[in-house]
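> got a sequence here, can you model it:
(one chain, ligands or ions: 1)
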Amino acid sequence: MSSKLQITSTAIHDVLIVEPKVFGDERGWFTESFNALDFAAATGLDVQFVQDNHSFSRQWTLRGLHYQLEQTQGKLVRVVAGSVFDVVVDIRKDSPTYGKWVGVELSAQNHKQMWIPAKLAHGFLVLSETAEFLYKTTNYYHPQSEACLAWNDPTVGIDWPLPAGIQPNMNAKDTAGFSWDAAPKF
Ligand SMILES: Cc1cn([C@H]2C[C@H](O)[C@@H](COP(=O)(O)OP(=O)(O)O[C@H]3O[C@H](C)C(=O)[C@H](O)[C@H]3O)O2)c(=O)[nH]c1=O
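Numbers count the residues shown, from 1 in each chain. Sure thing, here's the model as predicted:
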């Protein structure tokens, strides 16, 4: 166990919450948001990241639930401004947690990160007025094989923290996401 990283398991067996040590002082704080050696030591994983992504979203924006069928991407995700409810759905047919979902609040305040292995559907709902979402991926963007699982499929039953009467702010692609039954799986 790395002295600088706290790893917590989730209801999906290989989805991990990663919490880096935050060093506070009279000026503010410092943290190593990613350290390859510490990450490997704390998780036992050997992953190489090839792309960093950064998105800005307004409150109640919901992006997802996305995955790539080819060039599948492992993701290490975090929030640097505001807060989001980050969700992962297990779409691996041979997984003991197939069909299960996990949701965790990631925020600039809690410094929590989520490690999401490849072949999982991922999305998030913005809880704060705005949010900035950063993540590292283990493979490159491959739009031609992108798929989207519907955010509100009753079979998956994700319990999004949406206030009554509020509809999520989504693009057309995500609004037309596959139902659980129709969604391509691994
Ligand atoms: C993902 C991506 C997008 N783009 C371009 C394509 C579009 O012109 C524009 C917005 O793309 P999109 O609407 O797919 O962005 P998100 O809805 O934030 O997509 C992401 O949302 C969920 C939460 C994920 O986990 C995925 O990493 C990713 O699918 O950025 C790129 O140029 N490179 C990229 O890697």
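> tell me what the helix or strand hosting Thr8 is packed against?
Assigned by DSSP states H and E, Thr8 belongs to strand 5-9. Counting contacts by 3 or more C-beta pairs under 8 Å, 6 or more residues apart in numbering; DSSP states H and E, strand 5-9 is packed against strand 16-20, helix 36-43. Placement of C-beta: from N, CA and C, glycine included.
> wait, which of the ones you listed is closest to Leu127?
strand 16-20 (17.0 Å; C-beta to C-beta).
> so what secondary structure elements neighbour the closest one?
Going by 3+ C-beta pairs under 8 Å, 6+ apart, strand 16-20 lies up against strand 5-9, helix 36-43, strand 113-116.
> what's in contact with it?
4-10, 31-35, 39, 42-43, 76, 104, 110-115 (C-beta atoms under 8 Å, 6 or more residues apart in numbering).
> mean neighbour count, the helices and strands packed on strand 16-20: which tops it?
For the helices and strands packed on strand 16-20, average neighbour numbers computed from mean count of other C-beta atoms under 10 Å are highest in strand 113-116, which has a mean of 24.
> what about this protein, any weak spots by pLDDT?
Along the chain, the parts satisfying pLDDT under 70 run over 1-3.
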